[in-house]
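Asker: Here is a sequence with its predicted model. Questions after.
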Amino acid sequence: MKICKIIIKDFHQFKDFELDLTHPETGEPLEKVCFIGSNGTGKTKLLNTIDHFFSAQTVNDVPLTYLKLQDETLSRSIWAVFTQENKAFFDENIEDYKGWEEEIYTIIRKTYLEFQYVLTSNSSLDDYVIEDAINQLNPTLAIFCPAELEKTVEFLDVPQTNLNDSLKLFEQFPSNHIVSNETITDFWKTLIYHLKKRDNDFLEFQNLEENQNRTVREVKEMFDQQHPKILDSLAKLWDEILGKAGLEFDAAGASNPIQLTDNLKAYIKLKSTGERINYNDLSTGIRNFIFKVGHIYSLYFNRPIERGFLLVDEPENSLFPDFLYDLVDIYRRITHNTQIFMATHNPIIAAQFEPYERFVLEFDEQGYVRARRGTVPVGDDPNDILSKDFGVRSLLGKEGVKKWERYIELRTLIKLTENKEEKSRMLDEFMRIGNEYNFANAVS
């Protein structure tokens, strides 16, 4: 299931706002989407609105929204209409009705929280029916990663949880998650859950009839081939990031909780000496990032996710630019069957999306937000995205603009000056400014 259209009728800066999230040639829903735009254009509001659709919680500041969802298993599309209080589903043919948006809203106001209705092609707006198939539209996993800004959570050792809390995930594994500094404990619980689930799976595997005549070593080798260890897999992911700083995750030295009050003890260490590095001693950017991607990875690990949604607001926060170039690829590798939405101010992130996946939010003459697709091709120079899609008029600071103006002025003066000494002096200044600011390739 993927979102292929969003309509917001009248909410703050959105008025009759419509966003087509399909491929311009194939008409298929986009696998990944990037929102860019100046402050106040509603990038975060869009992510919050999408997140609210998957959440059972009531949110006060949520607009009347129409989401068009497409699911291959249903071989059709469904309109999901929701407010802060109600959620309902209607057949895609609802678009054939004149004034369908307003009439549906009247129906929505008469329903109770979380009632799910489907208008079939043989029904009228006054004769809608509940359909069991709508349950297939519920996501297997929906994750929201809010912008962290500079907010961090300090802890003395490792995130505080215990085996007893983690075992509750065997009873119910939630489908909706918030991944942030404030939910690091949830990440640690999930790691312990995977450790214990693997132990349980091994016992069941041992007891299979076909394994009774095999040696313990043979059974263990077969099991290990089919069931990777969460900490070993996490180490490979984290070490791609930590390795640049000479660090690594010590998966081999981690402790497996046994008593109900035990916690998972797993640490970062220096590659060169093996010295343990406290998580609080890591840079803010690296710590935030490894916990974020680790948490997301743990929610997908060895789980059959059929319909996933990942919403990430400002993934670039506190990260050195060199870390950003493969960021979107990392998120895609740690997820599967998932539609990814990102909101960013960073051109390096935006450049990792195709132009038709990149949506520029901007204000029209009436002060309402409109969206247009990007123009710069994927992988292009981020400076091109800044100037063409972000609409930044100049990439130079005030002093840089002055130097550019002087550079152009000197180019003209050198041609007009006949005095050799004066011309030589101006030529030296011209060359010095050109080399310092790399202006040589900017003019023909």
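Answerer: Looks like it arrived, so ask away. Residues are numbered from 1 along each chain as shown.
Asker: Confirm for me that residue 167 is in contact with residue 196.
Answerer: Yes - with contact defined as Cβ atoms under 8 Å, residue 167 and residue 196 form a contacting pair (6.7 Å). Every C-beta, even on glycine, is put in place using the N, C-alpha and C of the backbone.
Asker: Could you list the domains of this protein?
Answerer: 2-140+332-388, 152-293, 398-437 (automatic domain parsing).
Asker: Kindly present those domains as a markdown table, with separate columns for mean neighbour count and distance to residue 312.
Answerer: Output for the domains of the chain, formatted as a markdown table (neighbours: other Cβ atoms under 10 Å; distance: least, Cβ to Cβ, whole Å):
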| stretch | mean neighbour count | distance to residue 312 |
| --- | --- | --- |
| domain 2-140+332-388 | 17 | 5 |
| domain 152-293 | 15 | 8 |
| domain 398-437 | 13 | 32 |
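Asker: So which of those is nearest residue 302?
Answerer: Residue 302 lies closest to domain 152-293 among those, at 7.2 Å (Cβ to Cβ).
Asker: quick one, what contacts the residue lying closest to residue 282 once chain neighbours are set aside?
Answerer: In space, not counting the residues next to it along the chain, residue 282 is nearest to residue 268; the distance is 6.8 Å by Cβ to Cβ, 6 or more residues apart in numbering. Applying Cβ atoms under 8 Å, 6 or more residues apart in numbering to residue 268 gives the contacts 242, 247-250, 276-277, 279, 282.
Asker: Keep only those of those residues that are in helices.
Answerer: Of the contacts of residue 268, the ones assigned to helices by DSSP state H are residue 242.
Asker: In strands, which of the contacts of residue 268 fall?
Answerer: Counting by DSSP state E, those place 247-249, 276-277 in strands.
Asker: Is it possible to get a markdown table of these that adds pLDDT and distance to residue 334?
Answerer: A markdown table is the format used below for those (pLDDT from 0 to 100; distance: Cβ to Cβ, whole Å):
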| residue | pLDDT | distance to residue 334 |
| --- | --- | --- |
| 247 | 94 | 19 |
| 248 | 95 | 18 |
| 249 | 95 | 15 |
| 276 | 93 | 26 |
| 277 | 91 | 23 |
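Asker: if we take those residues, which one ends up nearest to residue 376?
Answerer: Nearest to residue 376 among the ones in strands among the contacts of residue 268, with distances taken as Cβ to Cβ, is residue 247, at 35.0 Å.
Asker: Specify the stretch among the domains of the chain that is closest to residue 304.
Answerer: domain 2-140+332-388 (7.6 Å).
Asker: mean confidence for the closest one?
Answerer: Averaging the model's pLDDT scores along domain 2-140+332-388 yields 78.
Asker: Please apply the same query to stretch 252-265.
Answerer: pLDDT averaged over stretch 252-265 gives 91.
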